[in-house]
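Student: kindly generate the corresponding structure for this input.
(2 chains)
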Amino acid sequence: MPFDAVSLIFRRDLRLAFRRPSDWGIPLLFFIAVSAMFPLALSPDRFGTGVGETVVAAADAEAGGGDEAGAIEASVAGRPLYGLQSLGIAVLWMAALLSSLMGLDRLFLNDVEDGSMEQLMLSPVPFIALVYGKLAAHWLVSGLPLIVLVPVFGLIYQLPLATSLMLAFALLLATPALTVLVAIGAALTVSLRGAAAIIGLLVLPLASPILIFGARATVLALDAESAAGPLYFIASLAMLAVSLGPIAIAAALRVSLE
Amino acid sequence: MTRSGLVLTGVELRRGGRVLVSDLSFGLEPGQLALVTGPNGSGKTTLLRTVAGFAPPGAGEILVGGTPVAGLEPEARREIAYQGHLEGLKKDLTVYENIQFINQLRSKSDAISKTLATLGLEPFADRSVRHLSAGQKRRTALAALKVSGASLWLLDEPLTNLDPAGRELVLGWIDEHLAGQGMALVATHLADVLKRPGSLLVEL
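Tutor: Now for the predicted structure:
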């Protein structure tokens, strides 16, 4: 019975999403626009293509700074120089993170404003099952398109295919966690009007571990090293969020409706 | 939970920290209607929302079928249906889709196409709720409540926006519900229209 309810609300929310494409289309457009236009604002002569170049331990490091700067330069000497590529990884992760924050204030507000939330709470199924259904539908229209698109935008930043696929895989682990974090913020602020900015403040600090480890996993893939460590970490964050998050979301929604 | 009564004992209602009603007690038997009247802001809506379990009472106890409403199992919530100021319909779905969703969520029967005609919704069943008039929306919402199969109806101003034909229809549904040993707690300013023999009047 609870699984029927999960699938019922999941299908309802997907149908609603297709009738209101702007709810999920605008965050997606934001991701596309930022990822595609960022390179236009870069000066190629300052970055180089990055491909095939390596960091040279500069002789003038000593002249330019103290021992510390020289030591740092020496430690990366001989490593490949990834100007555009490492910038691209950061841009794609930030664009994905910010796009999942956009439009999230509507996640529960639509249901609260038209009274559907009250009907859902009175339904003979555990409320948390309905929360799971809503989250799954939200992830499908907001998280999944990012995962599919990200390898394409990797091309703009000259990321090798293996790196782009690693980025997509890391996003596959990270987006469920992001969906839950964002939903906690949305549920806590559902009774405040125009709370999108507050949700951002609430969610961004919590999302920073995902950003740090996600970007790290991608850079390791670029270096052709094992990214297992950071991936395990993101996976554990995702499990934590997906298992405990909905309990918090359901409780927050109940309180907001009192 | 089988069909049995609603009992309020010493209930205190609060809204925004202010006490609206204190020490309210009454009981409702199967087949009985209670009309809640009172001026604006007297706590009619708060009473219905509290009985629905959306907010806990400030004090006192609300029993539905012998169980405190806050502790009802999800399965037992099937017996309560609530219709507030907000219709609880999705604007982007059609009337049919809305009714179907609530029906699938709340009851196990799947036969709603034939009931749509008897509910008087047939003429606009395939229209999206966004394009309905206020009265048509209210009619749809009450129809959704009717198909829910709940034994306790909590209605907040059910006749708002309804034309005379719509009122007749809804009053007929309430009669039918009471005749089937259902209960209804109705907040209204139109007690004269809604009054039935044996109905209880709760003045806040």
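
Student: give me the phi and psi angles of the residue of chain B found nearest chain A.
Tutor: Using C-beta to the nearest C-beta, B:L86 is the residue of chain B that sits closest to chain A, at 2.7 Å. Any C-beta I mention is one placed from the backbone N, CA and C, and that applies to glycine too. Dihedral angles phi and psi of B:L86 (degrees, to the nearest 10) take the values phi -90, psi 140.

Student: same thing with B:K91?
Tutor: Given degrees, to the nearest 10, the pair of backbone angles that B:K91 has is phi -60, psi -30.

Student: number of nearby residues for it?
Tutor: 18 (other C-beta atoms under 10 Å in any protein chain shown).

Student: ok, back up a step: which residues does the spatially closest residue to the residue of chain B closest to chain A that is not a sequence neighbour contact?
Tutor: Leaving aside its chain neighbours, B:L86 sits nearest to A:G115 (2.7 Å; criterion: C-beta to C-beta, 6 or more residues apart in numbering or on different chains). The neighbourhood of A:G115, defined by C-beta atoms under 8 Å, 6 or more residues apart in numbering or on different chains, consists of B:84-89.

Student: follow-up on the earlier one: need the pLDDT of the residue of chain B closest to chain A.
Tutor: Reading off the confidence values, B:L86 has pLDDT 90.

Student: do I have it right that it meets A:D114?
Tutor: Yes. Taking contacts as C-beta atoms under 8 Å, B:L86 lies within contact range of A:D114: 6.0 Å.

Student: let's verify B:S25: helix, strand, or coil?
Tutor: In the three-state summary, B:S25 is assigned as strand, counting by DSSP: H, G, I helix; E, B strand; the rest coil.

Student: how about the nearest residue to it, chain neighbours excluded?
Tutor: B:S25's closest residue in space is B:T9 (C-beta to C-beta, 6+ apart), at 5.0 Å.

Student: what ranges do the helices span in the stretch 51-200 of chain A?
Tutor: Taking DSSP state H, counting those that start in this stretch as the test, the helices found in the stretch 51-200 of chain A are A:61-64, A:67-76, A:83-101, A:106-113, A:116-121, A:127-142, A:144-156, A:161-188, A:196-222.

Student: pull the helix or strand with minimum mean pLDDT from chain B.
Tutor: The weakest-scoring helix or strand in chain B, judged by mean pLDDT, DSSP states H and E, is helix B:113-118 (a mean of 68).

Student: which neighbouring elements make contact with the helix or strand following it?
Tutor: The helix or strand immediately downstream of helix B:113-118 is helix B:134-147, counting by DSSP states H and E. If you count contacts as 3 or more C-beta pairs under 8 Å, 6 or more residues apart in numbering or on different chains; DSSP states H and E, helix B:134-147 packs onto strand B:80-83, helix B:95-106, strand B:152-156, helix B:164-179.

Student: go through those and pick out the most buried.
Tutor: Highest mean neighbour count of these: strand B:80-83, a mean of 26 (counted as mean count of other C-beta atoms under 10 Å in any protein chain shown).

Student: partners of that strand in the sheet?
Tutor: Using DSSP bridges, the strands paired with strand B:80-83 in its sheet are strand B:152-156 (parallel).

Student: CA atoms only: put the partner strand into CSV for me.
Tutor: C-alpha atoms of strand B:152-156 as CSV (Å, rounded to 0.1, in the frame of the first residue of the first chain):
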residue,chain,number,x,y,z
LEU,B,152,-16.7,12.0,9.1
TRP,B,153,-16.9,15.0,6.9
LEU,B,154,-15.4,18.3,8.0
LEU,B,155,-16.8,21.1,5.8
ASP,B,156,-15.8,24.7,6.0
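
Student: and the gap between the residue nearest to B:L86 and A:L107?
Tutor: As judged by C-beta to C-beta, to the nearest Å, A:G115 and A:L107 stand 16 Å apart.

Student: and A:S226, by the same measure?
Tutor: Taking C-beta to C-beta, one finds A:S226 at 36 Å from A:L107.

Student: then A:L178?
Tutor: 12 Å.

Student: equivalent analysis for B:K91, please.
Tutor: 16 Å.

Student: what's the answer for A:L40, then?
Tutor: 32 Å.

Student: go on, A:L204?
Tutor: Look at A:L204 and A:L107: by C-beta to C-beta, they are 17 Å apart.

Student: more neighbours: these two, which one.
Tutor: A:L107 (24 against 15).

Student: spatially nearest residue to the more buried one (excluding sequence neighbours)?
Tutor: A:A186 (4.4 Å).

Student: what do you get for B:V11?
Tutor: That would be B:G60: by C-beta to C-beta, 6+ apart, it lies 3.7 Å from B:V11.

Student: so the one you found, which of the three states?
Tutor: Relying on three-state DSSP, one would call B:G60 strand.

Student: pull the number of nearby residues for it.
Tutor: 17.

Student: residues in contact with it?
Tutor: B:8-12, B:23-25.

Student: now tabulate these in a markdown table and tack on neighbour count and pLDDT.
Tutor: Shown next, in a markdown table, are the contacts of B:G60 (neighbours: other C-beta atoms under 10 Å in any protein chain shown; pLDDT from 0 to 100):
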| residue | neighbour count | pLDDT |
| --- | --- | --- |
| B:L8 | 23 | 92 |
| B:T9 | 14 | 91 |
| B:G10 | 12 | 90 |
| B:V11 | 21 | 92 |
| B:E12 | 15 | 92 |
| B:D23 | 10 | 89 |
| B:L24 | 21 | 91 |
| B:S25 | 12 | 91 |
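
Student: and those, which is closest to B:L145?
Tutor: Using C-beta to C-beta, B:L8 is the member of the contacts of B:G60 that lies nearest B:L145, at 21.2 Å.

Student: the closest one sits in which helix or strand?
Tutor: Going by DSSP H and E, B:L8 is part of strand B:6-15.

Student: listing partners with orientation, what would you give for that strand?
Tutor: If you go by DSSP bridges, strand B:6-15 pairs up with strand B:18-28 (antiparallel), strand B:59-64 (antiparallel).

Student: which parts of the stretch 151-258 of chain A sit against chain B?
Tutor: When proximity is defined by C-beta under 8 Å from any C-beta of the partner chain, the stretch 151-258 of chain A lies next to chain B at A:257-258.

Student: which residue does chain A have closest to chain B?
Tutor: A:G115 (2.7 Å).

Student: would you mind measuring from that residue to B:N40?
Tutor: Counting by C-beta to C-beta - A:G115 and B:N40 are separated by 20 Å.

Student: hang on, A:A186 packs against A:L202?
Tutor: No. Applying C-beta under 8 Å as the test, A:A186 and A:L202 come out as separate, 9.5 Å apart.
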